[in-house]
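> missing the sequence, but the structure's below:
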């Protein structure tokens, strides 16, 4: 084909695509801030020598590679048609030229990542076509577990093995941030002794903080092997098996085994799921994860129209934590009022679930929690003090100033949160109004919280856990809508009929998933896992068990089980089965018999680097004596009272 026959589009689009890719690569590798943000400090330093020429060569090379995909996909056509096809494939990369006039990372921390993944992913999609052929599809109707391929079970098993090992190594290496885990494990242990919903973390019943009744259902499993390991196993297993309803939903919606498998793997590689198991703060357990499989199966049953099964899954989900009721309420509204739901019984069931979930939420917030909290409101409202000091003030202010809602929701912090949630699915979930309606109230109350409270605006903690299945389900439904529309548009074109492939959508998903895992996760597949400059993710600081950790076992043998123990923050997890155990000595503590300190305490060095070793103050007071000092572990024992005061006790 002669160059004279090229149209201006065929000539200009490859040039603009190469320019856009070059700008994107150059912005990342020639900017110290972006390199550190996307690659981490260590890798950023290693790539600091990248020059504009190298970036340009890489950009041109990638453009040629992606353009060749267009030639390959049009190999049955003539030369002119193949050139046109190659140019059409490259048009998404021309979007990157907006970098000439704007800096997306000035608005979102990882703005360059999101823009680049979208453009490159859409280019990868194009060679597969927007109109996948229906051949080699799965059978119609509801699928069962026997249809789930071995690859999905293997992926779930791999996730379980990797994250259980990481959680256990983090615990054994004295790097587990204890607060929620310590409270949860001690509640289980105390329940076996007949004292339900209590831990030494607070003088009140745990029901003064949250109504989490499903703990009781987990108790028989915990009783088989009381301790940290069984809770870690349950925690990770629930995350791993949640990919199975995601696969079934994708398979029944799209009728393609490979695409369903891609969605299941994308779910398991979602950084939000990884941080649900291993938070960036160092925590490794949160009972909110118990709701994940129930919500995922519930979405599958809603899609099938099995409304009774959905209701059965919704009840235990609600009992996990009072927050989950908001999701069940919106689902119930759709079942009760949505178009296409014919059976009157289903509508009544949806209305009953919506009303019941709302009533349960009000009971939890207005009756149960205040009852156990001495008449005070839930401590969760302290995250909304920028709106008001009480629930009434918050609601009244929103009613008086409704414009404050979009002002607080549409902030860079919250947009970053949304981008992190949907990046692994290529932002497809943002195109499905139904699942967005389900999740909108939950996104809303998370985004309205105090801007200074990072946990509710991020996937690096645990508040986002119930939203993970909805992000996957929305992406699956959006892909079905896109492909069905493409089929209708191409129905009249005999040449394009049946020429599509599902490799494009799979490549698009893979681009988003890989980028999210590399940059946002803390697994062995992430960059931060190998970066010493990020101590909360680096394997050397989090998962390598030091020799000195064995001293903790000696200390456990030294202290009788019927004694009261106060310990450094990360050591308290090793004493939850003693009579009482506390993080140091809180005001509500019983008289402490033994104090255990780690002078190399990472958390004290991070949060209070200038503080003096805490055991010195207790020794100076004269009430305690040092009985053990090895490998920077110190054990203090309360001195016996003088003979004249024996039996009076020491407060």
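Alright, I've got the coordinates. These numbers were taken from a predicted model, which means no experiment stands behind them.
> which residues of the stretch 201-350 of the chain score low on pLDDT?
Applying pLDDT under 70 to the stretch 201-350 of the chain picks out residues 280-282, 339-342.
> what do you get for the chain?
Per-residue confidence for the chain (pLDDT under 70) gives these ranges: 1-10, 49, 69-87, 126-137, 280-282, 339-342, 489-501, 603-610, 641-651.
> what about the strands in it?
If DSSP state E is used as the criterion, the strands of the chain fall at 564-567, 580-583, 594-598, 624-630, 633-638.
> residue 392: neighbouring residues, count only.
10 (other Cβ atoms under 10 Å). (C-beta placed from N, C-alpha, C; glycine too.)
> try the one 3 residues further on
When neighbours are counted by other Cβ under 10 Å, residue 395 registers 12.
> next, format the strands of the chain as CSV and append distance to residue 15.
Below are these laid out as CSV (distance: least, Cβ to Cβ, whole Å):
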stretch, distance to residue 15
strand 564-567, 65
strand 580-583, 62
strand 594-598, 61
strand 624-630, 69
strand 633-638, 65
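> and residue 261, which of those strands is closest to it?
Distance to residue 261, taken as Cβ to Cβ, is lowest for strand 580-583 among these, at 44.2 Å.
> before we move on, back to that, looking at the strands of the chain, which is nearest to residue 514?
Closest to residue 514 of the strands of the chain, according to Cβ to Cβ: strand 594-598, at 38.4 Å.
> direction included, what does the closest one pair up with?
Each strand that pairs with strand 594-598, with its direction, by DSSP bridges: strand 564-567 (parallel), strand 633-638 (antiparallel).
> can you redo these as TSV with mean neighbour count?
What follows is the strands paired with strand 594-598, written out as TSV (neighbours: other Cβ atoms under 10 Å):
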stretch	mean neighbour count
strand 564-567	25
strand 633-638	21
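> please convert the ones you listed to JSON lines, extending it with distance to residue 473.
Below are these laid out as JSON lines (distance: least, Cβ to Cβ, whole Å):
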{"stretch": "strand 564-567", "distance to residue 473": "43"}
{"stretch": "strand 633-638", "distance to residue 473": "49"}
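> residue 290: which of those is closest?
strand 564-567 (27.4 Å).
> roughly how far is the closest one from the heart of the chain?
Offset of strand 564-567 from its chain centre (Cα atoms, centre = their mean, to the nearest Å): 33 Å.
> what are the contacting residues of that strand?
For strand 564-567, contacts defined as Cβ atoms under 8 Å, 6 or more residues apart in numbering pick out 559, 572, 574-575, 578-585, 589-597.
> buried subset of these as a PyMOL selection?
Applying 16 or more other Cβ atoms under 10 Å to the contacts of strand 564-567 leaves a buried subset, and the PyMOL line that selects it is:
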select buried, resi 559+572+574+575+578+580+581+582+583+585+589+592+593+594+595+596+597
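> isn't residue 67 right up against residue 91?
No. In this structure residue 67 lies outside contact range of residue 91 using Cβ atoms under 8 Å: 11.1 Å.
> what touches both of those two?
Listed contacts common to residue 67 and residue 91 are residue 17; contacts here mean Cβ under 8 Å, 6+ apart.
> next up, the contacts around the spatially most central residue of the chain.
Closest residue to the average C-alpha location of the chain: residue 272 at 1.8 Å, with Cα atoms, centre = their mean. Applying Cβ under 8 Å, 6+ apart, we find residue 272 in contact with 420, 421, 459, 464, 465, 467, 468, 471.
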